[in-house]
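Visitor: just need the structure, nothing else, for what follows:
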Amino acid sequence: MTATTLDCSDIDQYLGKPVCPAPMNDPFSNTDIRRWVQAMHYPNRLHYDKDYAAEGTYAKLVAPQSFAVAMDDGHGSSPACVGSIPGSHLLFGGDEWWFYGPRIFGGDVVSNERIPFDYAVKETKFAGPTCFQRGDNFYRNQHGELIAKQRSTAIRYKADAGREATPMENTEEPAWTDAELKAIEDRKFGWIQMLHDLGHDKRYWDDVTVGDALPERVIGPHSIVSFATEWRSYLFTGWGTITRRTDLDMAAMGFVEEMAGLEQDPTMERINPELTDGAYIGPSRGHMFKRWAQFIGMPREYGYGASMGAWIVDYMAGWAGEHGMVVHSVANYRGPALVGDITVMTAEVIDKLVDDEGRHLVQVDFRMKNQLGVTMATAKAEIQLPTR
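Guide: Numbers count the residues shown, from 1 in each chain. Reported below is the predicted structural model:
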């Protein structure tokens, strides 16, 4: 199979042109923020404990930096999924974030301007000719302030090629003993304890040294329950939460019949909304059902790429503390969080600098692996910290 067998030419007409918007119907609430951090396994009290937050920098609950993507109807992938590629599937391949300072609070309304950026076709072991398509998301609050820019990468490939490459020897989830599960919980609490230890204090740029290791963060074991909890924390998955797009036609985009469905169809949502929920029927159900996971080329049920992106940003932001901020992060996703696996995050400080804006930054090199040491994602990020 050669790259010429994947026709991506229809994408060209959409590049640089805004995608149909899908605005929020109601402001964010503190409950939305709480539900998000709970689903993302991010127990930072700044985002769910109102009494603790009242004593901090913002004097009230604040959303984590990762929260902007919660309102988007495609996990940020919408501008990276335009144009028809017949007989195709899609996976989330990574994203790049720029954060500009404004934070999200309960009562805010966030809009997203989505513009397709570019694409390239490459040969991959996974599915032969594969389209790596990128699109930009511009998240703004009700005051017009730019909160963040997200450049997402979608991976689009031939459905039959993906199925042929499914590793059938890895279809059963691992079995954990009670002792192993207890050890996992202990490892998980180590990172949580770091959040408690820092509290409302500052992590100073002056005290960080190149070569410092960030504390290990562990999530899992993943399950259908945890994946479903993640899915429901994205606001667009609730009935009537956003004004649905009128230009989204999965079949016209080339998705195969079994995975196209009527996900997010605005007309059907008013008639039978269960048919529009991708967790049940449509392109997102591969996350919840082994049959459909294997249909698109995954060995078993798997997590959401956008959630992996949130775990990465939360990991950096939690370490930085409430006086610091992730200003830039670029992540590449190499493999999913499979049901039954755990996710282990580590990072190392590789540089310290003062940028042209006078911000004191540390650069970190990030790795995400499963319990077998298989790399799931890599990233590099710049984190702003206060100085003494």
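Visitor: what's the longest helix in the chain?
Guide: helix 178-198 (DSSP state H).
Visitor: show me the contact partners of that one.
Guide: Helix 178-198 has contacts (Cβ atoms under 8 Å, 6 or more residues apart in numbering) with 43-45, 176, 215-221, 318-319, 321, 342. Any C-beta I mention is one placed from the backbone N, CA and C, and that applies to glycine too.
Visitor: just stretch 238-245 next, same as before
Guide: Residues contacting stretch 238-245 (Cβ under 8 Å, 6+ apart): 19-26, 71, 73, 78, 232, 235-236, 264-266, 269, 273.
Visitor: in helices only, show me the residues you listed.
Guide: Using DSSP H, the contacts of stretch 238-245 in helices are Arg232, Pro266, Glu269.
Visitor: quick revisit: now the longest helix of the chain: how far from the chain's centre is it?
Guide: 23 Å (Cα atoms, centre = their mean, to the nearest Å).
Visitor: now do the end-to-end distance for stretch 350-364.
Guide: 5 Å (Cα to Cα, to the nearest Å).
Visitor: check stretch 251-263 too.
Guide: Using Cα to Cα, the two ends of stretch 251-263 sit 11 Å apart.
Visitor: make 147 the starting number, not 1.
Guide: Done: numbering now begins at 147, and the last item shifts to stretch 397-409.
Visitor: what comes up buried for it?
Guide: Across stretch 397-409, burial judged by 16 or more other Cβ atoms under 10 Å covers Met399, Gly400, Phe401, Val402, Met405, Ala406, Gly407, Leu408, Glu409.
Visitor: state whether Pro429 is indeed within a helix.
Guide: No - according to DSSP: H, G, I helix; E, B strand; the rest coil, Pro429 belongs to no helix; its state is coil.
Visitor: element containing the nearest residue to it once chain neighbours are set aside, please.
Guide: If the residues on either side of it in the chain are set aside, Pro429 comes closest to Met405, at 4.7 Å by Cβ to Cβ, 6 or more residues apart in numbering. Using DSSP states H and E, Met405 falls within helix 403-406.
Visitor: would you map the strands across this structure?
Guide: Assigned by DSSP state E, the strands in the chain fall at 234-245, 257-270, 274-286, 292-304, 359-365, 471-479, 489-500, 506-516, 521-530.
Visitor: remind me which residues of the stretch 297-446 of the chain are low pLDDT?
Guide: The stretch 297-446 of the chain contains residues with pLDDT under 70 at 308, 311-313.
Visitor: swap in the stretch 147-296 of the chain?
Guide: The low-confidence ranges in the stretch 147-296 of the chain, as defined by pLDDT under 70, are 147-150.
Visitor: now do 90
Guide: 147-152, 217-221, 233-237, 270-274 (pLDDT under 90).
Visitor: the residue nearest to Pro429 against Gly233, yeah?
Guide: No - judged on Cβ atoms under 8 Å, Met405 makes no contact with Gly233 at a distance of 10.7 Å.
Visitor: anything in contact with each of the two?
Guide: In contact with both Met405 and Gly233: Ala305, using Cβ under 8 Å, 6+ apart.
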